[in-house]
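# kindly return the folded structure for what I paste below:
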Amino acid sequence: MGEMGVRRLNRLGGIVVVTPGSDANHPWVTAFNVALDRALPSQLYAVELTDRDLPGIGAGAANPGTDMTAIQALLSPAAGRLRRQRAASVLADIPPDIAKLQLYTNDCLPLENLDYLFTDVLLATMADHASQIPGYEWDPIALDDALRRERQVLEAARLIFVPTKWLESWIFQNLPVAIARKVRRVGWGPGVDMRDIGANRVRAAERARSQPFRVLFVGNDGRRKGLGQITAAMSLVRDKRPDAELLVIGKTDVRAGPGIRHGGYLDPHTGDGRDALRKAYSSASLLTLPSNFDPVGTAQIEAMHAALPVIAYDTCSMSEFVIPRRTGWLLEPKADLAPAVLDAALDNKTRMAMGSYAWRHVTQFTWDRVANRMLACIEEEVG
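Residues are numbered from 1 along each chain as shown. I've put the predicted structure just below:
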C-alpha cells in the first residue's frame with residue numbers, strides 16, 4: 001500500500017499511462033508507475049509505444065538520457081509521422097471512460113488526443129534556456145515544428161502535471177493563460193529507492209566518521225552537469241584531505257587520475273545496476289552535481305534519501321531541493337566548488353548533520369505522494 005492509501009476513481013473507468021519511445025528507459029517512469037499502481041491497483045493500465053525499431057528514432061532511443069543526441073533523432077520529420085501513426089492506432093482502442101495520461105520527457109515528442117500530461121520539462125522551456133545547455137544545436141525547422149506540436153498538445157490537454165515550482169513559474173510567465181491555468185504541481189521522487197541506506201547511515205553516524213571521503217557525481221552529460229568544475233576542484237581538496245576521491249557514475253567522458261575514478265554507467269533498470277548504484281550512494285560522503293541546466297533534481301533526491309548532503313548550483317529548480325547549510329551547499333552558477341567541498345571534507349560533524357537533516361527533509365519527495373496528488377487533481381477535474 002502506498003504512503004497515502006489505496007484510492008478508487010468513481011467517475012472514471014481507470015487511467016492508462018502512455019509511455020512513448022525512449023521514455024520507457026527513464027528510471028523515474030518505472031518508479032512512478034509502481035507508485036501509481038499501489039495507489040490505484042484495480043484501475044491502472046499501461047501502454048508502451050515502443051518504436052525503437054522505426055527509422056529516425058532508434059539512434060535516440062538507444063541512448064536515453066544522453067542529452068542532445070536523443071532529442072535530435074526524435075525531432076526528425078519521419079519520427080514524428082511514424083509516432084503519430086502508431087499512437088493513433090493504439091490509442092483509438094482505449095475506451096472513452098479510461099483517462100489517458102502521458103509521461104513526457106525531453107527526449108520524446110508529446111502525443112495528441114491525450115487527457116493529461118506529466119512532464120519534467122517542456123521542449124519550449126529548454127529552447128528558452130539554450131545558452132545554458134552545451135551542445136544545443138537543433139535544426140531550426142525541425143525545432144519550430146516540434147514546438148508547434150508541443151503547443152497544440154498543451155492546448156488540448158485537460159491538465160498538465162509538473163514537478164517543480166520552477167517549471168510552473170516558467171509556464172505562467174511564458175505561455176498563454178489558457179495553458180497555464182491547467183498546470184498542477186505534484187512533486188517528484190527518486191529514480192532508485194535509497195531510503196534504507198539513509199536510515200542505516202543516520203543510525204551509524206559515529207562509525208561513518210572514520211570512512212574515506214568520497215565525492216559522488218551521477219550523470220550522463222558531464223558538460224551540462226558541471227563535471228569539469230568538480231574535477232578541477234578535487235586537486236585543491238586533496239591538498240587538504242589526501243584520501244579524498246571523486247567517483248563518477250554515468251555515460252560521460254572523464255579522465256581518471258589520482259583521486260578520480262570512473263565507475264561507468266550503472267543501468268538502473270537491472271538488478272545489478274540498481275545494486276551497484278545503491279552501493280555508490282552508500283559509500284559516498286556527499287553528492288556534487290553543479291549542473292548548468294537540470295530541470296528536476298532526481299539525483300539530489302536520491303542522495304538525500306541516502307542521507308547525503310548535496311552541493312549544487314542555484315539553477316532551475318535546485319533551490320526547491322537543496323536548502324543552503326541545512327541539506328547542502330547551494331552556490332551561484334560557475335562558482336568555485338573547492339571551498340564547499342573542503343567544508344564537507346574537513347567538518348565531518350556538520351556534513352553528517354546535514355545528511356541527517358536531508359534524510360528527514362526529503363520525505364516529501366516520494367512517488368507515492370506524487371501519485372496521490374495527481375489522482376486527487378484528476379478526481380477534482382472530472383467532478
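# the strands in this protein, which residues?
Secondary structure of the chain (DSSP state E): strands located at 14-20, 44-49, 98-104, 116-119, 159-162, 183-185, 214-218, 245-249, 260-264, 286-288, 310-313, 328-331.
# considering the ones you listed, which stretch scores lowest in mean pLDDT?
Lowest mean pLDDT within these: strand 44-49, a mean of 69.
# related to what we said a few turns ago, make JSON lines from the strands of the chain and add distance to Ala92 to it.
For glycine as for every other residue, the C-beta is placed from the backbone atoms N, C-alpha and C. Converted to JSON lines, the strands of the chain look like this (distance: least, C-beta to C-beta, whole Å):
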{"stretch": "strand 14-20", "distance to Ala92": "12"}
{"stretch": "strand 44-49", "distance to Ala92": "11"}
{"stretch": "strand 98-104", "distance to Ala92": "11"}
{"stretch": "strand 116-119", "distance to Ala92": "18"}
{"stretch": "strand 159-162", "distance to Ala92": "22"}
{"stretch": "strand 183-185", "distance to Ala92": "27"}
{"stretch": "strand 214-218", "distance to Ala92": "40"}
{"stretch": "strand 245-249", "distance to Ala92": "42"}
{"stretch": "strand 260-264", "distance to Ala92": "43"}
{"stretch": "strand 286-288", "distance to Ala92": "45"}
{"stretch": "strand 310-313", "distance to Ala92": "44"}
{"stretch": "strand 328-331", "distance to Ala92": "48"}
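# same list (those strands) but as TSV, adding mean neighbour count and distance to Arg373.
TSV is the format used below for the strands of the chain (neighbours: other C-beta atoms under 10 Å; distance: least, C-beta to C-beta, whole Å):
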stretch	mean neighbour count	distance to Arg373
strand 14-20	22	14
strand 44-49	16	16
strand 98-104	22	13
strand 116-119	24	11
strand 159-162	24	8
strand 183-185	18	8
strand 214-218	24	26
strand 245-249	21	30
strand 260-264	16	34
strand 286-288	27	26
strand 310-313	26	24
strand 328-331	24	25
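# so which of those strands is nearest Ala344?
Comparison of these against Ala344 by C-beta to C-beta identifies strand 286-288 as nearest, at 5.1 Å.
# so what does the closest one touch, helix or strand wise?
Applying 3 or more C-beta pairs under 8 Å, 6 or more residues apart in numbering; DSSP states H and E, we find strand 286-288 packed against strand 214-218, helix 298-305, strand 310-313, helix 338-346.
# go again with 6 Å.
Here strand 286-288 touches no other helix or strand, going by 3 or more C-beta pairs under 6 Å, 6 or more residues apart in numbering; DSSP states H and E.
# what does that strand contact?
With C-beta atoms under 6 Å, 6 or more residues apart in numbering as the test, strand 286-288 has contacts from Val215, Leu216, Ile230, Ala303, Leu308, Pro309, Val310, Ile311, Ala344.
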